[in-house]
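> Here is a sequence together with a model predicted from it:
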Amino acid sequence: MSTKKPAAPKSALAGTDTLDRGNTNAKLDSLEKFRSDATEQALRTNQGVKIADNQNTLKVGARGPSLLEDFIMREKITHFDHERIPERIVHARGTGAHGVFQTYENHSVLTKAGFLQDPGKKTPVFVRFSTVQGPRGSGDTVRDVRGFAVKFFTDEGNFDLVGNNMPVFFIQDAIKFPDFVHAVKPEPHNEIPTGGSAHDTFWDFVSLVPESAHMVMWAMSDRAIPKSLRSMQGFGVHTFRLVNAEGKSRFVKFHWRPSNGTCSLVWDEAQKLAGKDTDYHRRDLWEAIEMGDYPEWELGVQIVEEENEHSFDFDILDPTKIIPEEIVPITPLGKMTLNRNPDNFFAETEQVAFCPGHIVPGIDFSNDPLLQGRLFSYTDTQISRLGGPNFHEIPINRPVAPFHNGQRDALHRTTIDKGRASYEPNSIDGGWPKETPPAAQDGGFETYPERIDANKIRQRSESFGDHFSQARLFFHSMSKHEQEHIIAAYSFELGKVEREFIRAREVNEILANIDLELAKRVAQNLGLPAPKAGTVDVPKISLERSPALSQANLLPGNIKSRKVAILAANGVDGAAIDAMKKALKAEGAHAKLLGPTSAPVTTADGKALPVDASMEGLPSIAFDAVFVPGGAASIKALSGDGVALHYVLEAYKHLKAIALHGEAKQLLDVLKLETDAGLIVGANGKLAKPFIAAIGQHRVWDREPKAKAIPA
Ligand code: HDD
């Protein structure tokens with residue numbers, strides 16, 4: 001029998017994206033790390049039979065028909081045919097990571113939840129970040145809400161905090177969720193658009209549903225195009241309860257605050273990234289963890305004493321409202337660190353099953369009608385998505401706490417239950433497993449005994465009736481450039497809406513009630529008649545501005561893990577590269593050397609420097625800042641290289657910090673640019689400090705009006 005082995009693939013590193021990541025040793029090392037468990041093991045069937053030939057189907061002669069008898073081929077193809085499971089109805093596109101949570105101190109005054117008691121205890125977590133609208137293969141950087149779901153594997157059972165990167169939601173009652181999702185998803189006749197809300201059905205729905213006004217404002221803000229998953233805040237959205245050992249309950253809102261600061265991409269950059277690197281966010285998270293830049297978030301709560309439930313100018317059960325941090329500050333509870341990438345995307349990230357109903361003693365729900373509906377929906381969806389009710393047995397979903405009960409059988413059962421009594425009470429298995437009464441610690445779960453005396457009705461509470469005042473608060477809390485981005489986003493999205501009556505309804509019936517100037521600007525961009533003041537009597541609220549909402553106030557104050565491109569050609573000043581690399585490294589930033597091609601560049605003093613990638617392979621959108629070292633020959637070459645010139649110009653357009661060293665100053669003339677707070681020229685010793693300061697500002701917002709003149 002002749003077994004023809006196929007040739008080995010040319011490069012195991014060849015990626016499918018258009019960005020050339022460079023063939024570095026670090027990359028090879030990391031590939032080694034993900035080596036299969038099957039190392040030095042024989043290839044076998046699922047029944048354990050060793051396979052002699054994995055290249056050829058069993059046939060009648062070398063040129064004859066295949067035989068049905070080939071159990072090896074049939075097993076392999078059958079398994080392959082069933083590889084996919086239904087993707088999530090929403091939040092299909094996601095990426096996950098493992099980590100730990102540690103409480104700062106003993107929070108027993110607030111809650112009896114065990115994982116919030118002992119600062120020495122490390123509770124494992126698994127986090128999945130996601131977009132909402134697009135399918136599994138859609139782009140990471142589209143304008144969308146991001147899911148921020150955390151599973152805490154506590155000793156008392158799993159606690160899932162299934163939140164978003166925005167603190168409010170589009171609707172107030174779960175019964176509207178299918179309507180909202182049908183409206184935002186790609187339109188049913190042609191399945192367009194993928195990954196975005198700029199289409200008729202979304203705007204038709206939200207312009208008819210004013211309770212969505214506040215969340216739509218967030219979705220049109222920079223929060224919907226986060227720079228990275230590591231730079232997003234997270235929110236539990238709903239009001240929950242924390243309950244302590246004495247049974248005292250307090251209302252809380254959960255917040256995640258990243259130590260990396262909170263910042264966003266600019267719109268043109270986000271759109272380009274969605275094409276050039278679909279995996280931009282998941283790659284950034286993956287690489288940060290591989291490099292040891294472990295992302296961190298602080299978990300905190302806003303606490304409202306029960307007796308203060310009704311002391312706000314909104315209802316704390318209404319998920320379209322925030323509690324401004326200026327009114328109730330955040331109390332820090334502890335820190336989450338993501339420090340390990342999954343071993344297998346499907347087994348972990350795809351099969352992880354979150355549910356807001358997964359809580360532990362010491363945490364409880366509020367009566368928020370959106371939350372109440374979610375408590376049903378998530379388990380229900382897993383039954384069809386993960387093929388039955390045993391999804392809690394999949395390794396990524398298994399609690400670290402032991403679980404025993406009378407639930408038996410069903411599809412995909414892996415536990416081999418012993419004993420004869422699968423009912424309770426029983427006497428033949430000693431009565432086990434038995435109930436545990438509630439206790440101060442380690443007791444059974446006890447629901448907070450809230451007293452309710454009311455009629456059964458289908459009715460929205462009047463206290464949920466104000467839809468515009470917090471949308472207005474959000475808009476008024478933004479810095480000038482953030483407001484401009486919001487106006488541009490509404491104009492862009494509504495500009496894609498084909499039906500003019502939908503555009504007009506959004507402008508006149510929603511935006512005009514939020515802020516007339518906003519409505520006028522959007523109307524102007526759409527060529528609509530100038531809107532009149534809104535007709536809704538929007539209540540005046542106690543706060544006109546909430547500075548905590550503006551990302552302009554959420555910078556981290558350092559440049560840790562920021563990425564800097566260094567552009568060089570033959571004849572580059574090697575000492576300038578070394579000096580800048582050293583200065584950036586000292587600040588925890590990462591620099592990559594890029595050449596006209598992937599071949600090494602030769603410095604002015606004749607040294608060959610390997611490059612990390614070509615400029616075309618890793619474009620400016622993959623970096624936070626650009627450094628061009630001097631060297632007469634290098635600058636001459638770059639000045640005549642369209643890719644290099646576009647590189648600098650694009651970084652300028654995207655408001656990034658750019659440092660031009662020595663002869664690189666000539667690029668100002670070539671590109672007709674002027675220096676500014678982030679476009680810095682200078683000699684070696686003087687350049688690093690202002691450059692690092694400019695990177696620390698994230699973007700040069702003052703440059704924005706000028707940058708608009710630069711072609712995209
Ligand atoms: Fe939801 C997934 C967050 C309202 C029904 N949701 C899902 C995920 C996140 C959220 C982060 C992805 C979890 C993962 O990574 O696997 N959802 C929210 C937030 C909401 C919200 C913050 C409002 C505050 N969701 C909501 C409502 C319903 C659902 C009102 C239904 C009544 N959500 C689902 C779902 C999903 C889901 C259909 C899809 C896949 C899944 O659950 O596991 O059940």
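Arrived safely, thanks for sending. Numbers count the residues shown, from 1 in each chain.
> What segments of the stretch 1-150 of the chain are strands?
94-103, 123-131, 146-154 (DSSP state E, counting those that start in this stretch).
> May I see the ones you listed organised as CSV, with distance to the ligand, mean neighbour count and mean pLDDT added?
In this view, the C-beta of every residue, glycine as well, is placed from N, C-alpha and C. Formatted as CSV, the strands of the stretch 1-150 of the chain follow (distance: least, Cβ to the nearest ligand atom, whole Å; neighbours: other Cβ atoms under 10 Å; pLDDT from 0 to 100):
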stretch, distance to the ligand, mean neighbour count, mean pLDDT
strand 94-103, 5, 21, 98
strand 123-131, 4, 23, 98
strand 146-154, 3, 24, 98
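> Redo those as TSV? Include distance to residue 72.
Shown next, in TSV, are the strands of the stretch 1-150 of the chain (distance: least, Cβ to Cβ, whole Å):
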stretch	distance to residue 72
strand 94-103	34
strand 123-131	36
strand 146-154	38
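> ok, for residue 420, nearest residue in space, not its chain neighbours?
Distances taken as Cβ to Cβ, 6 or more residues apart in numbering place residue 428 nearest to residue 420, at 6.0 Å, with adjacent residues excluded.
> Please identify the helix or strand for that neighbour.
Under DSSP states H and E, no helix or strand contains residue 428.
> One more: residue 505?
For residue 505, the element it lies in under DSSP H and E is helix 500-505.
> for that helix, packing partners?
helix 200-208 (3 or more Cβ pairs under 8 Å, 6 or more residues apart in numbering; DSSP states H and E).
> The ligand contacts on the stretch 51-200 of the chain?
88-91, 94, 128, 130, 147, 149, 162-164, 169, 174, 177 (Cβ under 6 Å from any ligand atom).
> switch to 5 Å and redo it
Contacts of the stretch 51-200 of the chain with the ligand, taken as Cβ under 5 Å from any ligand atom, map to 88-91, 128, 130, 147, 149, 163-164, 169, 174, 177.
> worst-scoring helix or strand of this structure, pLDDT-wise?
Every helix and strand in the chain was compared by mean pLDDT, DSSP states H and E; the lowest is helix 25-33, with a mean of 57.
> would you turn the residues of the stretch 51-200 of the chain next to the ligand into TSV with distance to residue 324?
Formatted as TSV, these follow (distance: Cβ to Cβ, whole Å):
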residue	distance to residue 324
88	32
89	33
90	28
91	27
128	29
130	27
147	24
149	25
163	18
164	18
169	17
174	25
177	26
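> So of the residues you listed, which two are at opposite extremes in space?
Farthest apart among those by Cβ to Cβ are 128 and 174. That separation is 21.1 Å.
> does residue 324 really touch residue 469, like I thought?
No. Counting by Cβ atoms under 8 Å, residue 324 stays clear of residue 469, with 11.4 Å between them.
> For the ligand, what is the nearest residue in the stretch 551-700 of the chain?
residue 551 (19.7 Å; Cβ to the nearest ligand atom).
> got a list of what that residue touches?
Residue 551 makes contacts with 222, 223, 262, 263, 264, 482, as judged by Cβ atoms under 8 Å, 6 or more residues apart in numbering.
> which stretches of the stretch 1-150 of the chain have low pLDDT?
Low-confidence segments of the stretch 1-150 of the chain, defined by pLDDT under 70, span residues 1-34.
> before we move on, what about the chain?
Within the chain, the stretches with pLDDT under 70 are 1-34.
> Show me what from the protein comes close to the ligand.
So the chain meets the ligand at 88-91, 128, 130, 147, 149, 163-164, 169, 174, 177, 237, 354, 373-374, 377-378, 381 (Cβ under 5 Å from any ligand atom).
> how much space is there between residue 469 and residue 378?
Plainly put, residue 469 is 31 Å away from residue 378 if you go by Cβ to Cβ, to the nearest Å.
> Looking at these two, which one has more neighbours?
residue 469 (22 against 17; other Cβ atoms under 10 Å).
> where's the more buried one relative to residue 439, distance?
44 Å.
> With residue 103 instead?
Counting by Cβ to Cβ - residue 103 and residue 439 are separated by 20 Å.
> related to what we said a few turns ago, how much space between the residue nearest to residue 420 and the ligand?
In this structure, residue 428 and the ligand are 38 Å apart, going by Cβ to the nearest ligand atom, to the nearest Å.
> ok, that residue touching residue 422?
No. Look at residue 428 against residue 422 with Cβ under 8 Å: they stay out of range, at 10.9 Å.
> more crowded one of these two?
The residue with more neighbours, out of residue 428 and residue 422, is residue 422; 13 against 9, by other Cβ under 10 Å.
> Report the two of the contacts of residue 551 separated the most.
Farthest pair in the contacts of residue 551, by Cβ to Cβ: 262 and 482, 12.0 Å.
> how would you label residue 298: helix, strand or coil?
strand (DSSP: H, G, I helix; E, B strand; the rest coil).
> Mind listing the residues bridging to it?
Beta-bridge pairing for residue 298 (DSSP bridges): residue 257, residue 335.
> cool, the one 5 residues further on as well?
Note on residue 303: beta-bridge partners by DSSP bridges are residue 252.
> Centre of the chain to stretch 649-662, how far?
In terms of Cα atoms, centre = their mean, to the nearest Å, the centre of stretch 649-662 is set 27 Å apart from its chain centre.
> Identify each buried residue in that stretch, please.
Within stretch 649-662, the residues scored as buried using 16 or more other Cβ atoms under 10 Å are 649-662.
> Which of those residues fall in strands?
657, 658, 659, 660, 661 (DSSP state E).
> from memory the fourth one sits against residue 668, does it?
Yes. When contacts are counted by Cβ under 8 Å, residue 660 is listed as touching residue 668 (6.9 Å).
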